[in-house]
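Undergrad: model this:
(2 chains)
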Number of protein chains: 2
Amino acid sequence: MATKANKINTALDDAVPLQNPFKIHQAMRYSLLAGGKRVRPILCLASCELAGGVEAAAVPMACALEMIHTMSLIHDDLPCMDDDDLRRGRPTCHKAFGEETAVLAGDALLALAFEHVAAMTRNVDHQSVLQAIVELGSAVGSEGLVAGQIVDLSSEGKRVSLDELEYIHVHKTSKLLEAAVVCGAIVGGGGEAEVEALRKYARCVGLLFQVVDDILDVTKSSGELGKTAGKDLATDKATYPRLMGLEKAKDFAGELVAKAVEELSCFDALKAAPLHHLAHYIASRQN
Amino acid sequence: MATKANKINTALDDAVPLQNPFKIHQAMRYSLLAGGKRVRPILCLASCELAGGVEAAAVPMACALEMIHTMSLIHDDLPCMDDDDLRRGRPTCHKAFGEETAVLAGDALLALAFEHVAAMTRNVDHQSVLQAIVELGSAVGSEGLVAGQIVDLSSEGKRVSLDELEYIHVHKTSKLLEAAVVCGAIVGGGGEAEVEALRKYARCVGLLFQVVDDILDVTKSSGELGKTAGKDLATDKATYPRLMGLEKAKDFAGELVAKAVEELSCFDALKAAPLHHLAHYIASRQN
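TA: The predicted model follows:
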């Protein structure tokens, strides 16, 4: 996994060179190369290989996923959204570069994601690349990340049901993780049955990711997290620990790991090991 | 041209149905269906036909161009950018729906643009669709619209040279017009020489568009324009009338029309008529 993360970091560094106009490229690089966990790119590469493809075929797609994830963090942190000052242990993009540059850096990363996949993907049939672009777009837009964020914002300060909470998380978190896995499988040449099994795996992992995020927000300090802790509580946000209690939320996380791993049972165990490992890694992460 | 605009309006209406979550789709539709001139989509359809394609092949691409153009208007109007209250005669998106919804509506339109082209383009070889997606992405990102906007913002209140002014306009306006023409030609099956001639035409038209915009800002009222007039002067922005004087700016506009039309001379005159007409239309528009 560390090898895959390094490969992605190098590819991202190459994809956004520091060029004119400097300010926008500085801001893009500041947020993109801030040392995230690269969960989505790693999922994408692992899924491509599990579906029978070579890793290189999925690298541009993996970079695009991280560009999109970074864009959503930059825009979600804006004063008019979650108004966050800290991200990955450093000032958020708008704190470091100004609000207008943060909006534009997000826009540029989003556009670049699609351009990069279309321009840089090699040795994959063109129809599969287009199919993956459709998956990617739908994970971001008004039926994906954006849908989750708008419902999340409108739920602040309100009583939210578990169903609504799940809607928010499925859209804010799971959709892009799902796209990572599905797009990886598509460019890897996976068949329909393989893509569907991996889609189910991704849905469990997506939900797991959010449950763990919510648990960490109430159990860790800002220093440990690299972002403002206790924020969900302060802003009266709906979270799993609040709705089901901390212990039950931890149990729920355990169930989701088991279910995710079960979805991988149709694959060769050795080949599926990275995705197996990733589910456990997400469950046990400390920041 | 009116027929083409109607076709685009219908296709845009279909592409963004009013569905859950309502607020985001309302905001997207509010700005997208606000009755713009549809210059970019019309250029795209006309260019597709000039290159030998059928109009229908370019409709998804034409819609994507208008989605991207609308996204850039929504984000440019934000308080942290140009802080505009009025657009196409109505309150700007953030005035009508709030700042957070405006940011998200722009993001969703940008993602949808790429998804829509990849999912909906029919009877065009897949490689050409990918090539057009690369053109589109590069027209938006940190070497396109975003580059123009960031240099524009940083130039406010400063003395700007004609070269810098041209950099801003080439990136803020011409790049997307160029993408409209070039993408139309690509999905229309045009050869390299045709694509290049059309690219040159688009560059003239792009610059023309901005020169006329600047002239209208100082010669028309807000009511006539449907947006805040005299704003460039009030915010001390660099414009052609300011740098070369109003009369010389008008002469420059005339030269650009002539040059644009000249670039079309290699095409069949009858087939090139819509693009010929469009250059004159842009030069003589009153809002």
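Undergrad: what segments of the stretch 151-287 of chain A are helices?
TA: A:162-169, A:175-187, A:192-219, A:222-225, A:231-234, A:240-244, A:246-263, A:269-284 (DSSP state H, counting those that start in this stretch).
Undergrad: return the most buried member of those helices.
TA: Greatest average neighbour count among the helices of the stretch 151-287 of chain A goes to helix A:175-187 (a mean of 29), per mean count of other Cβ atoms under 10 Å in any protein chain shown. Glycine gets a C-beta too; all of them are placed from N, C-alpha and C.
Undergrad: what helices or strands is that helix leaning on?
TA: helix A:39-50, helix A:55-77, helix A:126-140, helix A:145-155, helix A:192-219 (3 or more Cβ pairs under 8 Å, 6 or more residues apart in numbering or on different chains; DSSP states H and E).
Undergrad: next up, the contacts around the residue nearest to residue A:249 when sequence neighbours are not counted.
TA: Distance criterion Cβ to Cβ, 6 or more residues apart in numbering or on different chains; nearest residue to residue A:249, sequence neighbours excluded, is residue A:240 at 4.2 Å. Going by Cβ atoms under 8 Å, 6 or more residues apart in numbering or on different chains, residue A:240 touches A:165, A:210-211, A:214-215, A:249, A:252.
Undergrad: mind running it again at 10 Å?
TA: Listed by Cβ atoms under 10 Å, 6 or more residues apart in numbering or on different chains, the contact partners of residue A:240 are A:162, A:165-166, A:169, A:207, A:210-215, A:217-218, A:232, A:246, A:248-250, A:252-253.
Undergrad: re the thing from before, least confident of the helices of the stretch 151-287 of chain A, on average?
TA: Here the lowest mean pLDDT among the helices of the stretch 151-287 of chain A goes to helix A:231-234, at a mean of 66.
Undergrad: now name the helix or strand holding the nearest residue to residue A:19 once chain neighbours are set aside.
TA: The shortest distance from residue A:19 to any non-neighbouring residue, by Cβ to Cβ, 6+ apart, is to residue A:25 (5.7 Å). Element membership for residue A:25 (DSSP states H and E) is helix A:22-32.
Undergrad: if we can go back for a sec, any chance of the helices and strands packed on helix A:175-187 in a markdown table, plus distance to residue B:42?
TA: Formatted as a markdown table, these follow (distance: least, Cβ to Cβ, whole Å):
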| stretch | distance to residue B:42 |
| --- | --- |
| helix A:39-50 | 38 |
| helix A:55-77 | 30 |
| helix A:126-140 | 24 |
| helix A:145-155 | 28 |
| helix A:192-219 | 39 |
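Undergrad: looking at those, which is nearest to residue B:126?
TA: helix A:126-140 (3.5 Å; Cβ to Cβ).
Undergrad: the closest one close to chain B?
TA: Yes - contact of helix A:126-140 with chain B (Cβ under 10 Å from any Cβ of the partner chain) involves A:126-140.
Undergrad: now swap in stretch A:142-150 and tell me
TA: Yes - contact of stretch A:142-150 with chain B (Cβ under 10 Å from any Cβ) involves A:142-150.
Undergrad: can you pick the most crowded of these?
TA: residue A:146 (30 neighbours; other Cβ atoms under 10 Å in any protein chain shown).
Undergrad: now do the phi/psi pair for the nearest residue to residue A:90 once chain neighbours are set aside.
TA: Counting by Cβ to Cβ, 6+ apart, residue A:90 lies nearest to residue A:34, which is 6.4 Å off, once chain neighbours are set aside. Backbone dihedrals for residue A:34, given as degrees, to the nearest 10, come out at phi -80, psi 10.
Undergrad: would you confirm that residue A:34 contacts residue A:87?
TA: Yes - counting by Cβ atoms under 10 Å, residue A:34 touches residue A:87, with 7.3 Å between them.
Undergrad: using JSON lines, please lay out the helices of the stretch 151-287 of chain A together with distance to residue A:155.
TA: Compiled in JSON lines, those are given as follows (distance: least, Cβ to Cβ, whole Å):
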{"stretch": "helix A:162-169", "distance to residue A:155": "6"}
{"stretch": "helix A:175-187", "distance to residue A:155": "17"}
{"stretch": "helix A:192-219", "distance to residue A:155": "14"}
{"stretch": "helix A:222-225", "distance to residue A:155": "22"}
{"stretch": "helix A:231-234", "distance to residue A:155": "12"}
{"stretch": "helix A:240-244", "distance to residue A:155": "12"}
{"stretch": "helix A:246-263", "distance to residue A:155": "18"}
{"stretch": "helix A:269-284", "distance to residue A:155": "24"}
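Undergrad: of the ones you listed, which is nearest residue B:20?
TA: Taking the helices of the stretch 151-287 of chain A one by one with Cβ to Cβ, helix A:162-169 is closest: 9.4 Å.
Undergrad: what about residue A:280, distance to residue A:217?
TA: Distance of residue A:280 to residue A:217, given as Cβ to Cβ, to the nearest Å: 21 Å.
Undergrad: is it true that residue A:30 touches residue A:105?
TA: Yes - judged on Cβ under 10 Å, residue A:30 makes contact with residue A:105 at a distance of 8.1 Å.
Undergrad: if you count surrounding residues, which of those two has more?
TA: residue A:105 (31 against 20).
Undergrad: for that one, which non-adjacent residue is closest in space?
TA: residue A:27 (4.0 Å).
Undergrad: was I right to think the one you found contacts residue A:96?
TA: Yes - between residue A:27 and residue A:96 there is a contact under Cβ under 10 Å: 7.4 Å.
Undergrad: so what sits against both of the two?
TA: residue A:102.
Undergrad: settle it for me: which of these two has more neighbours?
TA: Ranked by neighbour count (other Cβ under 10 Å), residue A:27 and residue A:96 place residue A:27 first, with 25 against 15.
Undergrad: what does the stretch 151-287 of chain A put close to chain B?
TA: A:151, A:153-154, A:167, A:171.
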